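Trainee: Any chance you can model this:
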Amino acid sequence: MGEIFRLKIFALLALACVGMWGCGDDDYRRWGGRYEGTLVAIIDDSLALLTNSRGYEDCHDVFMGSEECERGGTNDGLFLVNYRKQQSPYWGDTVDGEISLISGYYSDSTVLFSNAKNEFGFWKIGERPRVVRKWNCEIPCRCDWRKYGRPWIDGNVLLKMENQKECPYAVLDTVSGIVKNLEFLGEYAWLEGCDDITYIDGATLCVKRLGDVMGSISILTLDDVVDSLENTKERDFLGYSPVLYGNFMMTQVYKKGMLVTKIKKDGFDANYPETWLKDNSFVDSTGSLISYYPSEDLIVTK
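Mentor: Numbering: from 1, shown residues only. Purely as a prediction, here's the structure:
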C-alpha cells in the first residue's frame with residue numbers, strides 16, 4: 001500500500017513539473033544583441049574594418065520555472081563600413097565560434113586573426129576566415145598575450161607585443177608558423193627606439209617622436225627622416241606613442257581625441273582629409289560621431 005502511495009506522489013510531482021515549466025531537464029542558449037564595433041584597420045580615405053561579437057547566456061531550467069545562467073560572448077563578426085558617412089555596412093560576416101581579430105594588420109583586403117586552438121589565419125573581405133596553421137612562439141615571446149599586427153617583409157607579419165619587455169616586436173613566418181623575437185641588431189639596429197614599425201611598398205618605416213615626447217612625430221627610413229608632423233596649438237600631441245592601423249597612424253591630441261594621418265613610404269599624405277576618432281567613433285565633417293551600434297547597424301549584409 002505504501003509503495004502505491006509513493007508512486008502516486010511521484011506521478012503528481014512529474015505532472016506538476018510539466019505544468020510549471022519543467023524541473024531542470026532543459027539546457028539552452030539565449031543570445032543578446034551585438035556589441036558596438038571596434039576598429040581593426042583603416043583601408044582607405046573612407047573605408048574601415050570593424051569587429052564585434054554578441055553576448056549570450058547558457059541557461060539551465062531548475063524547479064518551478066526558475067533558471068540558472070552563465071554569461072559569455074562569441075560569434076565574432078567583421079564589417080566593412082564607411083567612416084565618413086553613417087550608413088549600413090557594405091559587407092559583413094560572422095563566425096560560429098570565437099576568434100580574435102588582431103588590430104592594425106591589413107594587406108591585400110585581408111586581416112589577421114587567431115583562435116582558441118593556437119592557430120592563426122587570414123580573413124579576406126568577401127570571403128570566409130581561412131586558418132593557416134598553428135603558430136609557435138619561441139622564447140622569450142608569448143603568442144597568447146595582446147598584440148597588434150603590421151605587414152612585414154616577404155609576406156610575413158610583424159607583431160607588436162604589449163607588456164612583453166623581452167619581446168616588444170616579433171616576426172610571424174606565415175609559412176612555418178614560427179614567431180621569433182625581432183632583435184634590433186645588424187640591419188635592424190636603426191629600428192631601436194621606434195614607437196611603431198611597418199612595411200609599405202617595399203620600404204621599412206619607423207614612426208618615432210623626436211626630441212621632446214610632445215614634440216614632432218616623424219617617419220624614418222634607414223637613410224634618414226623623410227617627413228614630420230609638428231606639434232602646434234591646433235595639434236597639441238600628448239606624448240602618447242602613435243599607433244599604426246594599416247597605412248594610417250593614430251596620434252592623441254589634447255582635448256580633441258585621436259588624429260588620424262595617412263602615411264606612405266615617402267612621408268605623410270598631405271591630401272588625406274582631416275580625420276578624427278573620439279570615444280572609439282569617427283567624427284564626421286559636422287562634428288557628429290559616426291558610431292556603428294550593435295543590433296541596428298552591425299548586421300550580416302552578405
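Trainee: any idea how far residue 253 is from the residue nearest to the spatial centre of the chain?
Mentor: Nearest to the centroid of the C-alpha atoms of the chain, with distances taken as Cα atoms, centre = their mean, sits residue 103, at 3.8 Å. Between residue 103 and residue 253 the distance is 20 Å, computed by Cβ to Cβ, to the nearest Å. Glycine gets a C-beta too; all of them are placed from N, C-alpha and C.
Trainee: cool, residue 79 as well?
Mentor: Here the distance between residue 79 and residue 253 works out to 27 Å (Cβ to Cβ).
Trainee: Those two: which has the busier surroundings?
Mentor: Just comparing residue 79 and residue 253: by other Cβ atoms under 10 Å the higher neighbour count belongs to residue 79, 26 against 17.
Trainee: Hmm, residue 88 and the more buried one touching each other?
Mentor: No: applying Cβ atoms under 8 Å as the test, residue 79 and residue 88 come out as separate, 9.6 Å apart.
Trainee: got the buried residues for stretch 52-68?
Mentor: 52, 53, 54, 55, 56, 59, 61, 67 (16 or more other Cβ atoms under 10 Å).
Trainee: typo on my end, it should be stretch 246-254
Mentor: Judged by neighbour count (16+ other Cβ under 10 Å), stretch 246-254 contains these buried residues: 246, 247, 248, 249, 250, 251, 252, 253.
Trainee: and those as CSV, adding distance to residue 133, secondary structure and pLDDT?
Mentor: Shown next, in CSV, are those (distance: Cβ to Cβ, whole Å; DSSP: H, G, I helix; E, B strand; the rest coil; pLDDT from 0 to 100):
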residue, distance to residue 133, secondary structure, pLDDT
246, 24, strand, 87
247, 27, coil, 94
248, 29, strand, 96
249, 31, strand, 96
250, 31, strand, 95
251, 36, strand, 94
252, 37, strand, 93
253, 41, strand, 93
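Trainee: for those residues, which one is nearest residue 99?
Mentor: The shortest gap between residue 99 and any of the buried residues of stretch 246-254 belongs to residue 246, at 19.1 Å (Cβ to Cβ).
Trainee: Grab the nearest non-local neighbour of that closest one.
Mentor: On the basis of Cβ to Cβ, 6 or more residues apart in numbering, the spatially nearest residue to residue 246 that is not a chain neighbour turns out to be residue 106, at 3.8 Å.
Trainee: The helix or strand the one you found falls within pairs with which strands, parallel or anti?
Mentor: Under the criterion DSSP states H and E, the helix or strand holding residue 106 is strand 99-107. Within its sheet, strand 99-107 is paired with strand 110-115 (antiparallel), according to DSSP bridges.
Trainee: Quick one: name whatever helix or strand follows the helix or strand of the chain with the lowest mean pLDDT.
Mentor: Between all helices and strands in the chain, the lowest mean by mean pLDDT, DSSP states H and E belongs to helix 2-19, at a mean of 44. Heading C-terminal from helix 2-19, the first helix or strand you meet, by DSSP H and E, is strand 27-34.
Trainee: can you state the direction angle for the helix or strand just after that next one and strand 99-107?
Mentor: Note on strand 27-34: by DSSP H and E, the next helix or strand toward the C-terminus is strand 38-42. Here strand 38-42 runs at 20 degrees with respect to strand 99-107, directions being taken by axes from the mean of the first three to the mean of the last three Cα atoms, to 10 degrees.
Trainee: Buried residues in strand 38-42, which are they?
Mentor: Residues 39, 40, 41, 42 are the ones in strand 38-42 that count as buried (16+ other Cβ under 10 Å).
Trainee: among those residues, which two are most distant?
Mentor: Pairwise distances among the buried residues of strand 38-42 were taken by Cβ to Cβ; the largest, 8.9 Å, belongs to 40 and 42.
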